[in-house]
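K.L.:
For reference, the sequence and a predicted model appear below.
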Amino acid sequence: MEFRRRLRVLLKLRAKSMFLTNFGVCMAVTLITSAVTMLGGYAAGLVLPSADSLLNAPDLSVYYPKILLFYGISLGATLLSSPLTMGAYAWFSELSMQRCQKIREVFSWLGDLRLTFKAFGATLWFLGISLVWAAAFLGIPVLTILFITAQVKEMAVGAVVFLSGLLTLLVLIGAILTAVRVCAYLPAFFVLAAHPNMHIREVFRECSLFMQGRRWEFFELLLSFLGWFLLASFTCGLVALYVRPYMNLTLLSFTQQARGSWLMENGKAFADAVWTPETANPEEEDEDV
């Protein structure tokens, strides 16, 4: 536990150092990659009916076209932002190896049709993995809840209360396990950005291998940024412009360290710079990083 905490601190210290040294360009890259997502979210919000309209509507079917359009715009914005996001990850990867990259390199994936489709494919692959794990951990509790809801009139009140509490607990546990499993595939995007010639299936398979035994560690690292994103929600997302490059560089360092260690353990050659934690204790505490 102490090693994991120290590693988390060192990862964030390294990321913060890179970020603050290149503050201006990192912010510019973040603005570029966030533009499509923000515009897509704004456009999707315009077509989505208000909550009051949905709750008070006598017939929800009249709103189905708008709801489908909302999800269509959201999915379209996600797909369009994929090449820009991959370009940003590639840019951050080069930055982590102290190579000077121009901001226009962020558009490298968007400017290459092959890479653009590969970015789309990786995003869809990740969504597919997310659905599979969600079905695995949440399918039975959710189906049971639907069944009990249909039979509630024929069941005793005590049984309904007991089963509702039990199933709520199972859904909560399932949601946490799903999040841990799904988030463990996020490093695949950093690997693919640094190695665009790798196949999508190969990247995600390799990610599942080098993340074995490190899924909870990675999830804890993600949770350490939760306070920042809660703060961002109170500042109309302005704080997120600071947090996103800081977090991306932290996750990138984690990916490099985890993948590099796995490659060395398996005697495989690699060209990436491998970051390993220093032996000295960090000077800053985790809460300050």
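P.N.:
Yes, it's here.
K.L.:
Could I get the full set of helices for this structure?
P.N.:
Taking DSSP state H, the helices of the chain run over residues 2-21, 23-47, 51-56, 64-96, 108-111, 113-151, 157-183, 187-194, 200-210, 215-223, 226-233, 238-265.
K.L.:
Just give me the lowest mean pLDDT stretch among these.
P.N.:
Lowest mean pLDDT within those: helix 51-56, a mean of 71.
K.L.:
how near is residue 125 to residue 195?
P.N.:
Distance, residue 125 to residue 195, by C-beta to C-beta, to the nearest Å: 15 Å. All C-beta spots, glycine's among them, are computed from the backbone N, C-alpha and C.
K.L.:
any idea which of the helices of the chain is most buried?
P.N.:
helix 187-194 (a mean of 25; mean count of other C-beta atoms under 10 Å).
K.L.:
Could you give the separation of stretch 186-195 from the chain centroid?
P.N.:
12 Å (C-alpha atoms, centre = their mean, to the nearest Å).
K.L.:
for residue 199, what are its contacts?
P.N.:
Residues near residue 199 by C-beta atoms under 8 Å, 6 or more residues apart in numbering: none.
K.L.:
Local confidence estimate at it?
P.N.:
95.
K.L.:
could the helices of the chain go into TSV alongside distance to residue 102?
P.N.:
As requested, those are exported to TSV (distance: least, C-beta to C-beta, whole Å):
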stretch	distance to residue 102
helix 2-21	17
helix 23-47	9
helix 51-56	45
helix 64-96	9
helix 108-111	10
helix 113-151	17
helix 157-183	31
helix 187-194	16
helix 200-210	26
helix 215-223	30
helix 226-233	28
helix 238-265	16
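K.L.:
Please verify my assumption that residue 196 contacts residue 115.
P.N.:
Yes - Residue 196 is in contact with residue 115 according to C-beta atoms under 8 Å; the separation is 5.8 Å.
K.L.:
Need the overlap of contacts for these two.
P.N.:
residue 109.
K.L.:
separation between residue 123 and residue 98?
P.N.:
On the measure of C-beta to C-beta, residue 123 and residue 98 end up 29 Å apart.
K.L.:
Which residues does stretch 201-210 contact?
P.N.:
122, 125-126, 129, 184-185, 187-188, 191-192, 195, 198, 258-259, 261-263.
K.L.:
Let's see that with 6 Å instead.
P.N.:
185, 187-188, 191-192, 258-259, 262 (C-beta atoms under 6 Å, 6 or more residues apart in numbering).
K.L.:
so which of these comes closest to residue 32?
P.N.:
Nearest to residue 32 among the contacts of stretch 201-210, counting by C-beta to C-beta, is residue 192 at 19.2 Å.
K.L.:
Please report the distance of the nearest residue to that closest one once chain neighbours are set aside from residue 181.
P.N.:
Spatial nearest neighbour of residue 192, excluding adjacent residues (C-beta to C-beta, 6 or more residues apart in numbering): residue 203 at 4.6 Å. Remark: distance between residue 203 and residue 181 (C-beta to C-beta) = 17 Å.
K.L.:
can you check residue 222 too?
P.N.:
According to C-beta to C-beta, residue 222 stands 13 Å off from residue 181.
K.L.:
gap between residue 80 and residue 242?
P.N.:
Residue 80 is 24 Å from residue 242, by C-beta to C-beta.
K.L.:
cool, residue 171 as well?
P.N.:
34 Å.
K.L.:
Residue 127 now?
P.N.:
To residue 242, residue 127 is 28 Å away according to C-beta to C-beta.
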